[in-house]
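Undergrad: model the structure of this input:
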Amino acid sequence: MSERNYRSNIPKAYAYDFLKNFMLFSGVLVPFFTVWGGITFSQIMILQAVFTTSMFLFEIPTGVVADRFGRKTSLILSSVVTTTAVLVYSSYPSFWVFVCGEILWAVGVTLASGADTALVYDSLIQTGEETGSKRILNRVESIGLFAMVIAAPLGSLTAKYIGLDWAMILSAIPIFLSAAIGLTFNEPPTQKKSEEKNYFKILKTGLTYFESVNNFV
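TA: Model (predicted):
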């Protein structure tokens with residue numbers, strides 16, 4: 001495969017991360033749970049614990065998917081599972097439905113964990129541009145955060161004029177579109193075996209993820 005094919009993975013990674021993080025519900029997450037879902041703040045804390053624990057449990061099993069079937073497959077599955085999680089959240093206002101959504105969301109996050117950066121880095125190696133990997137990976141992360149910044153106020157308007165559940169439902173569209181972007185990735189050769197996961201790092205990642213979402217509420 002030519003360098004041009006691998007170089008095209010970089011703008012695709014930007015688009016993938018933007019769509020994956022364009023979560024309209026990020027600005028109304030607590031009202032979604034308490035007003036539409038009818039659960040208490042204590043139950044929200046339990047849901048966060050379920051999410052973090054699920055990440056702890058699924059990080060290594062989902063990492064096997066990337067190692068065995070490729071980073072591209074793992075990223076596509078991540079978008080599909082995350083889309084399913086969003087639809088589960090918005091299907092019925094129930095604590096136990098939300099628990100199922102949290103578990104699915106954790107699986108979606110862990111499927112992408114490491115696979116996204118590995119695909120970008122290994123693509124840069126194939127084009128001889130790995131020295132600029134830090135800058136490009138930082139840009140990928142910044143684009144994801146930018147997507148959340150844009151989506152949060154739009155989600156608030158959606159919740160106000162259409163409904164809290166629609167802020168969640170419509171979030172499924174950009175996340176699912178990220179799966180379409182994933183289909184266009186060109187799988188680069190793996191440069192090294194995946195490093196063993198550190199569970200304390202996983203726990204920190206889970207807590208940081210929820211903190212970033214709650215900062216928009």
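
Undergrad: which non-adjacent residue is nearest residue 116?
TA: Excluding its sequence neighbours, the residue lying closest to residue 116 (Cβ to Cβ, 6 or more residues apart in numbering) is residue 75, at 6.2 Å. For every residue, glycine as well, the C-beta is placed using N, CA and C.

Undergrad: dump the residue contacts of the one you found.
TA: Applying Cβ atoms under 8 Å, 6 or more residues apart in numbering to residue 75 gives the contacts 16, 111, 112, 115, 116, 119, 182, 185.

Undergrad: hmm, which two among those are most spread apart?
TA: The most widely separated members of the contacts of residue 75, counting by Cβ to Cβ, are 111 and 185 (14.0 Å).

Undergrad: between the two, tell me which one has more neighbours.
TA: More crowded of residue 111 and residue 185, by other Cβ atoms under 10 Å: residue 111, with 27 against 24.

Undergrad: and the nearest residue to the more buried one once chain neighbours are set aside, its phi and psi?
TA: Once flanking residues are discounted, residue 111 sits nearest to residue 78: 3.7 Å by Cβ to Cβ, 6+ apart. Backbone torsions of residue 78, given as degrees, to the nearest 10, read phi -60, psi -50.

Undergrad: any idea how far residue 52 is from residue 78?
TA: 18 Å (Cβ to Cβ, to the nearest Å).

Undergrad: ok, the two, which is more surrounded?
TA: The neighbour comparison of residue 78 against residue 52 (other Cβ under 10 Å) goes to residue 78, with 28 against 20.

Undergrad: hang on, the more buried one packs against residue 112?
TA: Yes. Applying Cβ atoms under 8 Å, one finds residue 78 in contact with residue 112, separated by 3.9 Å.

Undergrad: anything in contact with each of those two?
TA: The contact sets of residue 78 and residue 112 overlap at residue 20 (Cβ under 8 Å, 6+ apart).

Undergrad: counting by contacts, list what the helix or strand that contains residue 116 packs against.
TA: Using DSSP states H and E, the element containing residue 116 is helix 115-127. For helix 115-127, the packing partners by 3 or more Cβ pairs under 8 Å, 6 or more residues apart in numbering; DSSP states H and E come out as helix 3-7, helix 9-20, helix 71-89, helix 133-161.
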